[in-house]
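Asker: Provided below are the primary sequence and the corresponding predicted coordinates.
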Amino acid sequence: MPPRLQLFFAMKSQNKKRKPKKTKPALDFFAEAGLLKRVKRSGWWVAGIKNPESVADHSFRCAVIAHYIAHMEKTPPYEAVMMALFNDIHEARINDLHKMGHFYIDFKEAEKKVFQDQMENLDIGVQKDLRQLRDKYDKQQTLASLIARDADILECLLQAKEYHQDGHTKAKIFLKRAPSFLRTKSAKKLWKQLQTWDSSLWWQNVVKFER
């Protein structure tokens with residue numbers, strides 16, 4: 001067989017072996033992430049709030065807060081924002097579990113198992129990125145991971161303050177212990193301001209009421 005023909009058949013065989021990139025796993029992952037819009041943050045039920053925020057609500061504002069804290073800490077925001085955004089992705093499959101549930105169930109191990117399964121069929125680049133971010137977040141040894149964790153805590157404190165000012169008196173208990181877990185100077189500074197902050201004033205300052 002002529003060399004050129006051999007090369008043609010070799011390339012044809014090689015192309016058959018190459019699997020085209022599949023987009024279905026990506027769409028499945030997007031749909032799964034969408035479930036977080038309906039998964040409720042269960043700790044607020046304990047505080048008597050019948051229709052609390054969703055996990056997606058929480059994750060979005062966590063990412064916003066992480067971005068801001070990163071700039072306050074003078075560090076690139078990408079890793080902190082992405083950690084904050086994807087921190088609760090596993091809850092699409094196993095829901096959110098309040099602290100009483102954590103006392104009886106090893107939820108951390110379930111989180112790890114779910115995350116591994118979620119990553120299995122995704123694009124290799126996406127897998128690598130999210131696995132690295134998850135590993136850094138869990139170890140809590142980098143500034144970005146500390147910022148992401150602080151953003152998670154601060155978002156909960158912010159939400160508790162808002163619920164409390166809206167008349168949910170039991171939400172106040174969330175404001176007592178959580179602040180002691182804040183690590184960055186910027187998050188602690190924001191918490192100090194939050195204690196005397198009125199959650200309704202921002203929009204009253206925007207809207208001009210006419211007499």
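Answerer: Arrived safely, thanks for sending.

Asker: buried sites along the lengthiest helix in the chain?
Answerer: Counting by DSSP state H, the longest helix found in the chain is helix 143-165. Neighbour-count burial for helix 143-165 flags 143-161, 163-164 (criterion: 16 or more other Cβ atoms under 10 Å). C-beta coordinates here come from the backbone N, C-alpha and C atoms, glycine included.

Asker: just the mean pLDDT for it, thanks.
Answerer: Confidence over helix 143-165 (mean pLDDT, whole number) is 98.

Asker: then it to CSV, C-alphas only?
Answerer: C-alpha atoms of helix 143-165 as CSV (Å, rounded to 0.1, in the frame of the first residue of the first chain):
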residue,chain,number,x,y,z
LEU,A,143,-6.3,33.8,51.5
ALA,A,144,-8.9,33.1,48.8
SER,A,145,-10.4,30.2,50.8
LEU,A,146,-10.5,32.2,54.0
ILE,A,147,-12.3,35.0,52.1
ALA,A,148,-14.8,32.6,50.6
ARG,A,149,-15.6,31.1,54.0
ASP,A,150,-15.9,34.6,55.5
ALA,A,151,-18.3,35.5,52.7
ASP,A,152,-20.4,32.5,53.5
ILE,A,153,-20.6,33.4,57.2
LEU,A,154,-21.1,37.1,56.5
GLU,A,155,-24.0,36.4,54.1
CYS,A,156,-25.7,34.4,56.8
LEU,A,157,-25.2,37.2,59.3
LEU,A,158,-26.6,39.7,56.8
GLN,A,159,-29.6,37.6,56.1
ALA,A,160,-30.2,37.0,59.8
LYS,A,161,-30.1,40.8,60.4
GLU,A,162,-32.6,41.3,57.6
TYR,A,163,-35.0,38.6,58.8
HIS,A,164,-34.7,40.0,62.4
GLN,A,165,-35.5,43.5,61.3
